[in-house]
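Engineer: Output the structure for:
(chains A and B)
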There are 2 protein chains.
Amino acid sequence: MFKINDNYLKLPGSYLFSTIGKKVAAFTQDNPDKEIIRLGIGDVTQPLAPAIIQALHSAVDEMAQAETFHGYAPDLGYEFLRDTIAKNDYQSRGCQIAADEIFVSDGAKCDSANIQEIFSQDSKIAVCDPVYPVYVDSNVMAGRTGTYDPKTETWSDVIYMPCTADNDFVPAFPKETPDLIYLCYPNNPTGSTLTKSQLQEWVDYANKNGAVIIYDAAYEAYISQEDVPHTIYECEGARTCAIELRSFSKNAGFTGTRLGFTVLPKDLKCGDVSLHALWARRHGTKYNGAPYIVQKAGEAVYSEAGKAQLKEQVAYYMRNASVILEGLKEAGYQVSGGVDAPYIWMQTPKGMDSWSFFDYLLEKANVVGTPGSGFGPSGEGCFRLTAFGSYENTLAAMERIKRL
Amino acid sequence: MFKINDNYLKLPGSYLFSTIGKKVAAFTQDNPDKEIIRLGIGDVTQPLAPAIIQALHSAVDEMAQAETFHGYAPDLGYEFLRDTIAKNDYQSRGCQIAADEIFVSDGAKCDSANIQEIFSQDSKIAVCDPVYPVYVDSNVMAGRTGTYDPKTETWSDVIYMPCTADNDFVPAFPKETPDLIYLCYPNNPTGSTLTKSQLQEWVDYANKNGAVIIYDAAYEAYISQEDVPHTIYECEGARTCAIELRSFSKNAGFTGTRLGFTVLPKDLKCGDVSLHALWARRHGTKYNGAPYIVQKAGEAVYSEAGKAQLKEQVAYYMRNASVILEGLKEAGYQVSGGVDAPYIWMQTPKGMDSWSFFDYLLEKANVVGTPGSGFGPSGEGCFRLTAFGSYENTLAAMERIKRL
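Structural biologist: Numbers count the residues shown, from 1 in each chain, chains lettered A, B, ... in the order given. Sure, this is the predicted structure:
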């Protein structure tokens, strides 16, 4: 008789955003007259920029003629896109990343879930707490996290690095040496950042201790401050210890269009085995490339018109971030984030845990946010709001919250 | 010091089609004047049908306006597509498959590689030999296949079911009971099929022995004979033992557009755990949905116009299949397949192994095919040609082969 991967059964509850979706659906059914404002899941609301729309139409037309039709894409992505990424995101910042160190994919969520596969079964992972749930859950599914303690909401074999207001959301180096360190900056969910010198310390730590940093830079486009690095490869030595994950979801509104990439420098090795070769093998065997039309859309993100239009789009969302930040402060909440990131992190009112505050906000203000505890135990007593709504909705949500 | 997943190092050579790609690239570089005809990799050449192009343009326009913009798709696919699939591919054939048993994805290659994840680490897999390499390689990466014997080109812990001209390409039930049985019909690479009663025997075998059949029906659209089942759910009892993988790549030319789906009936259980719930959890955690515009294109495949246009497209390729089948027969080769499948399977000339014939055909006729041994040891002495070229190229290739 066949057996299942029982690591799946260890996962508590369902995926955070599925749970939220179900709660909101139930509330809507019971209260069909209430107008919900969603500042929960990090989904964008602005349409694709005109330069991207134009690229999509033009690529669709290519698919209509045998002469310009595109079948299977190259395993690792089209060169036109990999070149453009290498030049614009790395070489222009003085980072030595070559086009063939870039692996195009259908998004950073998949990449961040799949990357653990190329590491040993007994790898010890370290994550910030709170953290994007996919890093931990994908390792649970792989059987790498030990047992779950429902009391502390932690896994026995995961190293948690608390990031709270007390340490200004900057994790301390863990006592036990990890093999894989997941870092996400600008941070989801706290909206915090590391300065370049802080990130350099992590790169030095990883190189010294033989660890790999999986650096999720999905929110890079939202950086506004000078000394915040846009990529981990701005740090010296990152080529021998860091994998970077990038997304088109937030900088270009591709949440429903699906495009991302992973940077894996050829200098990152375990003995004489290059991780680049392993990831290439995984792509070649288990993935079949992002759609041609979507890769053309990705290229348009880097065109002059695309850049200008997306700068405006990011500014639009960051105006929302200010509205939320200021609104919550006015309403008397303790808040952070929202300066280099589209996320605002707030402390829930005294005596109210994260899920109680979720219910309270949904019922009383009809505003959906994300409970901090959904991101890890140190997120308890916190709550995340996103700047990805429309300006009008964001203003309205703040008015409602101020009236509570 | 971090360690890698050393199962990856067990994989011999590179992914089959990457190797072919490199060989062809080298030949082209050395012989820039030779015009290569590619009948190797199963990539389509006909453009997307007009109904699909229209749906793509219209969906792109929706993405340009905030009111009709689409962000994150539902985890498991849009209902409009899942409903359409359930009705057209299943309910219309009398198969009880519900829309929520369909999981939309970016293609059958990914699904066929990922599906093993929800099964126990010690699952024993059975595959036809020859076989699509992804089934085995994905299990190698998961550490499920034991050790590789380069002499026999087999894995110690995989059950091989030879499919040769001797058994008319119909596998016998294995002596050892497997947990997972990979079946692909119409078959890649041999182009063979099972009749409904033959497939029913496999369903009965799986139910009796507590095995799961992973049924890859990517080539279903090419079936021309009456008694060949279009889906495994035509067989009684398949809901309790079979997972079906489907693709839009070959029936609708989506190799570069990327869309597929997996059917996982809710009756398929291990004790009281439903595999449907596990796969849903995997999708929710490690995948982020197929692009909205591509799902709209998938819906157009089932429109009246789409169906008519794609019937013509399939007929176009099947005319190629006849040309190859008849051409090779005329040239004196022993051939099979090509009637219910876009693949023609031929025996190589006496004394020439599969890769020698590959080189011979590339050098002498400038035609690219796929060496049978690349699909498994029982494929040695065989060779695959595909019907996915243009009609003109297919005719020209046959002329060249006849002249050898």
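Engineer: how much space between the closest residue to chain B within the stretch 201-350 of chain A and residue A:399?
Structural biologist: Using C-beta to the nearest C-beta, residue A:210 is the residue of the stretch 201-350 of chain A that sits closest to chain B, at 3.3 Å. Any C-beta I mention is one placed from the backbone N, CA and C, and that applies to glycine too. As judged by C-beta to C-beta, to the nearest Å, residue A:210 and residue A:399 stand 52 Å apart.
Engineer: Neighbour count: the two, which is higher?
Structural biologist: Taking neighbours as other C-beta atoms under 10 Å in any protein chain shown, residue A:210 and residue A:399 compare with residue A:210 leading, 14 against 11.
Engineer: give me every residue that touches that one.
Structural biologist: Counting by C-beta atoms under 8 Å, 6 or more residues apart in numbering or on different chains, residue A:210 touches A:177, A:179, B:1, B:2.
Engineer: ok, now residue A:86?
Structural biologist: Residues near residue A:86 by C-beta under 8 Å, 6+ apart: A:97, A:98, A:99, A:101, A:102.
Engineer: you'd agree it is in a helix?
Structural biologist: Yes: counting by DSSP: H, G, I helix; E, B strand; the rest coil, residue A:86 is found in a helix.
Engineer: related to what we said a few turns ago, what is the nearest of the contacts of residue A:210 to residue A:155?
Structural biologist: The nearest member of these to residue A:155, counting by C-beta to C-beta, is residue A:179 at 15.0 Å.
Engineer: so what's that closest one up against?
Structural biologist: A:119, A:120, A:123, A:124, A:125, A:210, A:211, A:212, B:1, B:2, B:3.
Engineer: with those in mind, which one is nearest to residue B:46?
Structural biologist: So of the contacts of residue A:179, ranked by how close each gets to residue B:46 (C-beta to C-beta), first place is residue A:119, at 41.6 Å.
Engineer: Any idea how many residues pack against the closest one?
Structural biologist: Residue A:119: 23 surrounding residues under other C-beta under 10 Å.
Engineer: coming back round to it: separate out the buried members of the contacts of residue A:179.
Structural biologist: Among these, those buried by neighbour count (16 or more other C-beta atoms under 10 Å in any protein chain shown) are A:119, A:120, A:123, A:124, A:125, A:211, A:212, B:2.
Engineer: In this structure the last one contacts residue A:213, no?
Structural biologist: Same thing as residue B:2. No: the pair residue B:2 / residue A:213 is not scored as a contact, 10.3 Å apart, by C-beta atoms under 8 Å.
Engineer: residue ranges with poor pLDDT in the stretch 251-400 of chain A?
Structural biologist: Applying pLDDT under 70 to the stretch 251-400 of chain A flags no residue at all.
Engineer: What segments of it are helices?
Structural biologist: A:275-286, A:292-300, A:304-330, A:354-365, A:391-403 (DSSP state H, counting those that start in this stretch).
Engineer: would you turn the ones you listed into JSON lines with distance to residue B:58?
Structural biologist: Formatted as JSON lines, the helices of the stretch 251-400 of chain A follow (distance: least, C-beta to C-beta, whole Å):
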{"stretch": "helix A:275-286", "distance to residue B:58": "32"}
{"stretch": "helix A:292-300", "distance to residue B:58": "14"}
{"stretch": "helix A:304-330", "distance to residue B:58": "22"}
{"stretch": "helix A:354-365", "distance to residue B:58": "35"}
{"stretch": "helix A:391-403", "distance to residue B:58": "27"}
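Engineer: what's the most buried one of these?
Structural biologist: Highest mean neighbour count among the helices of the stretch 251-400 of chain A (mean count of other C-beta atoms under 10 Å in any protein chain shown): helix A:292-300, with a mean of 26.
Engineer: Could you write out the alpha-carbon coordinates of it in PDB?
Structural biologist: Extracted C-alpha coordinates of helix A:292-300, given in PDB (Å, rounded to 0.1, in the frame of the first residue of the first chain):
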ATOM      1  CA  TYR A 292       7.600  33.900 -23.900                       C
ATOM      2  CA  ILE A 293       5.000  36.700 -23.800                       C
ATOM      3  CA  VAL A 294       5.600  37.200 -20.000                       C
ATOM      4  CA  GLN A 295       9.400  37.300 -20.500                       C
ATOM      5  CA  LYS A 296       8.900  40.000 -23.200                       C
ATOM      6  CA  ALA A 297       6.700  41.900 -20.700                       C
ATOM      7  CA  GLY A 298       9.600  41.500 -18.200                       C
ATOM      8  CA  GLU A 299      12.000  43.100 -20.700                       C
ATOM      9  CA  ALA A 300       9.700  46.100 -21.100                       C
END
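Engineer: Identify the residues contacting it?
Structural biologist: A:48, A:51-52, A:54-56, A:58-60, A:62-63, A:70, A:73, A:77-78, A:80-81, A:84, A:104, A:106, A:248, A:252, A:254, A:257-259, A:290, A:306, B:56, B:256-257, B:291, B:293.
Engineer: Regarding residue A:115, what is its secondary structure?
Structural biologist: Secondary structure, three-state DSSP: residue A:115 is helix.
Engineer: residues touching the residue lying closest to it once chain neighbours are set aside, list them.
Structural biologist: Leaving aside its sequence neighbours, residue A:115 sits nearest to residue A:214 (C-beta to C-beta, 6 or more residues apart in numbering or on different chains; 5.8 Å). Counting by C-beta under 8 Å, 6+ apart, residue A:214 makes contact with A:112, A:115, A:135, A:180, A:181, A:182, A:183, A:242, A:243, A:245.
Engineer: for those, which one is nearest residue B:349?
Structural biologist: Nearest to residue B:349 out of the contacts of residue A:214 is residue A:115 (C-beta to C-beta; 46.1 Å).
Engineer: Distance check, the closest one against residue A:282.
Structural biologist: Distance, residue A:115 to residue A:282, using C-beta to C-beta: 9 Å.
Engineer: And for residue A:355?
Structural biologist: 37 Å.
Engineer: Need phi/psi at the most centrally placed residue in chain A.
Structural biologist: Among the residues of chain A, the one closest to the centroid is residue A:218, at 4.8 Å (C-alpha atoms, centre = their mean). Backbone geometry at residue A:218, expressed as degrees, to the nearest 10, gives phi -60, psi -20.
Engineer: repeat for residue A:186
Structural biologist: When read as degrees, to the nearest 10, the backbone of residue A:186 gives phi -50, psi 140.
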